[in-house]
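**Q** quick one: sequence and predicted model below, then my questions.
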Amino acid sequence: MAPRWHRLDLLDARSGALDGQLPAAPEEGLVAFPTPADRQPSLRVEGGVVVELDGRQAAEFDLIDRFIAAHGIDVDVADEAMAVASLDAARMLVDLFVPRTDIHRLARGWTPAKLAEIVGCLDAAESILATRKMRVRRSPSIQAHVTNRLDDPALLAADAATAVAFGFREIETTVPVAEHAAAAALAILIGSQVGVPGAITQCAIEEAAELDLGMRGLTTYAETISLYGTDSAFVDGDDTPWSKAFLTSAYASRGLKMRVTSGAGAEVLMGAAESSSMASLESRCVSLAWAIGAEGVQNGGIDGASVAGSVPNGFRELFAENLMVMIRGLESCSGNDTLVSESDLRRMARTMPTLLAGSDFLFSGFGSILRHDNMFGPSNLNGDDLDDYLTIQRDWGFDGVLRWPGEERIMSVRQRAAEACAAVWYRLSLGLIPPGRVNDAVEAASSRELTEDEPHAVSDAARTILDERISVLDAARALLEAGYRPEAEALLAVARHRLSGELLAPSAILDESLNVLSAYTDPNDYAGPGSGYRLSAAREAEIAATRNVLDPEVIRAEQAASAGSVELVEVGEAAVGVDASEVVVGVSPAFGLSLHRTLCGLTVGEALREVLAGVAEGGASARVVRIVGTVDVGMIGLSAARLAGSGIGIGLQSKGTALIHRRDLKPLQNLELYSVAPLLDRAAYRQLGRNAAEHALGGRPVPVQNPYTDEAITARYHARVVTLMRIERAASRAGAPAIDLEVRFDD
Amino acid sequence: MTEATTRPAEVVTARSGRPASEVTVEALAAGTLRTADIMISADVLRTQAAQAREHGYGPFADNLERAAEMTDLPDDEILTIYEALRPFRSTRSELDAIADRMETAGAVRCAALVREAADAYAARGVLRDGSAAIPPDLGS
């Protein structure tokens, strides 16, 4: 067999190796940004009518061209807009002295091919800056997926309330069984108003059925109104630009916020890319979204994200899709809702630019539930990732919109939401959700923990909701009668906002105080450092308070609880020894006084006992001294060596770091060093003692070696080490002499 | 942090004519809230359309104006028309009939959209009587 570098076997086993990548193939639409094979930007207007669009004459217009030409080009700015060179336009996007609104005005005259060409001029960093500047709403927001494999209503309600507690402001559900939809919509509608009012909800199902739920008030917005970049994909999707335009108006006529969905890869997956680049096709979708009058677009890959991810520059294209939406002044619901890679590194690399730049919606569905319960398919980030997400938000100080609500808060909203859902079911005669089931749902990590004993309960309930024409008013009244007045009030408050029409505005959300934040009321005014959206002090504190923040007092208490492993009696000031076989063990200032346990879990007494036993085994004598003047393990070891009759000393910190030193070496030199205290054990300390003895007796021991590790050892322990070292430091006194110690073990 | 300007609820009225400020739990408990009390009115949609136009959102404003016309259409009528506008569902004359009906009902903008669709569907072969299958030029 031919020789092979063994490391390749290891790389083959990495999760990222499962991701498929493809060579660019422009003729199949497998290319991120426009190539010369794409339609080139052009626009001709005659008598106020668009007669040429991106290289096609009116007679050749397909359905999409035709709709965009009729509704999506502002002929008053078209000539001026198209005359701006694409590179100049791209520079305007990152020029902080060019107002966002100037660009929106020009964009009204840009054709789809023109806009695709413009965003293609930006590299990754420039795309981030342009996104920071161009997004419509100043305050970022975030949407959650709340679904489960059983469509269990109590779990849906509990998980919706949990999502709201974390900070999600839009909740999207869908159902694996279509006939469950109305029951799922009702469950998240209830759960979404528990604890904090005003999160809005949607249920992604077939277009007409979804509109029907909205008309009943069981949903407050919609976004899964799919657009495609080619006629054939559009028609395969059973719609046309006109049917979608009609649907868009239908939603508005019922006071429902509505955005559309598109994204690279959809056409390629349908074999209908018509040799256009992904950015070009998506730009047609975004132009069409503008032309039909949607308030925003969910894009950035969506179901086809991994197709984009398979070609060069694919992730940058996904990000550019969101930017195109923002340039047109629409709300960006920024993808990141498809698990784009098996690799944690790649999937976070895909999402990070959105987080740094900010967006109207950072995710068009962060899977707030666990991956396996996400009925859209796993999102790029899911409930499994919440702690990491909150920590990354803390690391970079961007507003990722979420927070750690605290365990008590989570349990209280879960309980209330699941009970409220059961109460509404009871009062509306939808069925009985027994208390035991409610409690199971409250505690469940996911639907895997729930039984499937009543397979028809949810579809029966959904059927009743549809047949009895149960509406949001019925749900509100049932809540009120069952004692859930705040939730009933919240539902009515959202209804009042629907009446006012303010929720229809581009980028409109309800904040947690029920203010409408939109393109009109909260416009993004970013113009460079110090401007635009900034974190308040309160929000900074919220971001800082992640779940795993260590409390130094807890560490002190843990240490105190381990006291008593050794008694170290101060005998007097230490002097230089005369015994040529003497090894001096120097312990750190707080050793056995306020610090009692090393990082590997041994008590300080156990570690010291092993070291002393090792010295004895090696045939040398030992003396223990406390080094008070320094906390540094090298200096402790050197100080000990200078006191030792043999000139050999051991330095031992309370946290367990240890070394062997010799009196003639420089402080940072040493003979042997255990630098990775968390990985040590009794045997290691004993070996260190034996080797010190051998050095003292003039031998040549085999040096101890740190154990192998692939752990993020510093990440695991440094936060703790900082507190331990602070305690050591407090116990030290500069210039103080070493103290001889008499060592007494209990047994 | 944000200067959210919320329109006072009392100036907004629902399709029923009832002020939004009366959409309260008290009314709910009394059993006097009707669906039409929580349905957006054509006037509000036209106000929103005007605001959209002021902010440079022309097509969005057009959409809201169509929506204002559609507030008078019952839910099932809307679902029916939507279905008729899907590809290969309607003949030219069926779409024209829908447009006529809407025009008579005062929904002139919606009617114009349907007529425009009929023209486009005829030109691109997505009418029901135009062709049973997707014509070759759609897939090319």
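**A** Done, it's in.
**Q** phi, psi for residue A:514 please.
**A** When read as degrees, to the nearest 10, the backbone of residue A:514 gives phi 70, psi 20.
**Q** for stretch A:35-42, buried residues please.
**A** Residues of stretch A:35-42 classed as buried by neighbour count (16 or more other CB atoms under 10 Å in any protein chain shown): A:38-39, A:41. For every residue, glycine as well, the C-beta is placed using N, CA and C.
**Q** one more: stretch B:116-125?
**A** B:116-118, B:120-121, B:124-125.
**Q** follow-up on the earlier one: out of the buried residues of stretch A:35-42, the closest to chain B would be?
**A** Checking these against chain B by CB to the nearest CB gives residue A:39 as the nearest, at 13.6 Å.
**Q** so what's that closest one up against?
**A** For residue A:39, the contacting residues are A:54-56, A:113, A:276, A:280, by CB atoms under 8 Å, 6 or more residues apart in numbering or on different chains.
**Q** so the residue lying closest to residue A:229 once chain neighbours are set aside is in which element?
**A** Spatial nearest neighbour of residue A:229, excluding adjacent residues (CB to CB, 6 or more residues apart in numbering or on different chains): residue A:281 at 2.9 Å. Assessed by DSSP states H and E, residue A:281 sits inside helix A:278-292.
**Q** helices and strands around that helix, which ones?
**A** helix A:63-67, helix A:112-120, helix A:241-253, strand A:257-261, strand A:296-299, helix A:314-327, helix B:58-70 (3 or more CB pairs under 8 Å, 6 or more residues apart in numbering or on different chains; DSSP states H and E).
**Q** the nearest residue to residue A:241 once chain neighbours are set aside and residue B:82, how far apart?
**A** In space, and not counting its chain neighbours, residue A:241 is closest to residue A:67: 3.7 Å by CB to CB, 6+ apart. Using CB to CB, to the nearest Å, residue A:67 is found at 16 Å from residue B:82.
**Q** can you get me a residue count around residue 16?
**A** As the question left the chain open, I've gone with chain A. 13 (other CB atoms under 10 Å in any protein chain shown).
**Q** oops, chain B please
**A** Other residues near residue B:16 come to 15 when the count uses other CB under 10 Å.
**Q** cool, and residue A:434?
**A** Residue A:434 has 11 nearby residues by other CB under 10 Å.
**Q** do the same with residue A:440
**A** By other CB under 10 Å, neighbour count at residue A:440 equals 17.
**Q** does it touch residue A:447 like I think?
**A** No - between residue A:440 and residue A:447 there is no contact under CB atoms under 8 Å: 10.2 Å.
**Q** state the distance from the residue lying closest to residue A:457 once chain neighbours are set aside to residue A:458.
**A** Leaving aside its chain neighbours, residue A:457 sits nearest to residue A:431 (5.2 Å; criterion: CB to CB, 6+ apart). Shown here: residue A:431 relative to residue A:458, a distance of 8 Å by CB to CB.
**Q** which residues does residue A:639 contact?
**A** By CB under 8 Å, 6+ apart, the neighbours of residue A:639 are A:586, A:627, A:629-630, A:649, A:651, A:738.
**Q** tell me the residues of the stretch 251-400 of chain A that contact chain B?
**A** A:251-255, A:272, A:274, A:290-295, A:329 (CB under 8 Å from any CB of the partner chain).
**Q** pull the most distant pair out of those residues.
**A** A:255 and A:274 (37.4 Å; CB to CB).
**Q** who has more neighbours out of the two?
**A** residue A:255 (30 against 21).
**Q** so the more buried one sits against residue A:502, correct?
**A** No - look at residue A:255 against residue A:502 with CB under 8 Å: they stay out of range, at 9.9 Å.
**Q** residue A:625 falls within a helix, correct?
**A** No - with DSSP: H, G, I helix; E, B strand; the rest coil as the criterion, residue A:625 is located in strand rather than a helix.
**Q** could you redo the buried residues of stretch A:35-42 as a markdown table and give each row secondary structure and pLDDT?
**A** As requested, those are arranged in a markdown table below (DSSP: H, G, I helix; E, B strand; the rest coil; pLDDT from 0 to 100):
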| residue | secondary structure | pLDDT |
| --- | --- | --- |
| A:38 | coil | 94 |
| A:39 | coil | 96 |
| A:41 | coil | 98 |
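**Q** nearest to residue A:562 among those residues?
**A** So of the buried residues of stretch A:35-42, ranked by how close each gets to residue A:562 (CB to CB), first place is residue A:38, at 68.6 Å.
**Q** which stretches of chain B form helices?
**A** B:25-30, B:42-54, B:58-70, B:75-85, B:92-104, B:108-124, B:136-139 (DSSP state H).
**Q** okay, and residue A:687 sits in which element?
**A** Secondary structure (DSSP H and E) places residue A:687 in helix A:682-696.
**Q** got the residues of the stretch 101-250 of chain A near chain B?
**A** Residues of the stretch 101-250 of chain A lying near chain B (CB under 8 Å from any CB): A:101, A:104-105, A:108, A:138-139, A:207-208, A:211-212, A:215, A:217, A:231-232, A:235, A:238-243, A:245-250.
**Q** assign residue A:201 to helix, strand or coil.
**A** Per three-state DSSP, residue A:201 ends up strand.
**Q** that one: what's it in contact with?
**A** A:160, A:170-173, A:185, A:188-189, A:192, A:219-221.
**Q** chain A is nearest to which of the helices of chain B?
**A** Going by CB to the nearest CB, the one of the helices of chain B nearest chain A is helix B:58-70, 2.5 Å.
**Q** show me what that closest one is in contact with.
**A** A:71-72, A:74, A:108, A:245-246, A:248-253, A:290-295, A:504, A:506, B:42-43, B:45-46, B:48-50, B:52-53, B:78, B:102, B:106-110, B:113.
**Q** which of those residues are buried?
**A** Of the contacts of helix B:58-70, these count as buried by 16+ other CB under 10 Å: A:71-72, A:74, A:108, A:245-246, A:248-253, A:290-295, A:504, A:506, B:42, B:45-46, B:48-49, B:52, B:78, B:102, B:107, B:109-110, B:113.
**Q** gap between the residue in the stretch 251-400 of chain A that chain B sits nearest to and residue B:57?
**A** For the stretch 251-400 of chain A and chain B, the shortest gap (CB to the nearest CB) falls at residue A:293, measuring 2.5 Å. To residue B:57, residue A:293 is 8 Å away according to CB to CB.
**Q** then residue B:106?
**A** The value you get for residue B:106 to residue B:57, if CB to CB is used, is 24 Å.
**Q** right, I'll leave it there.
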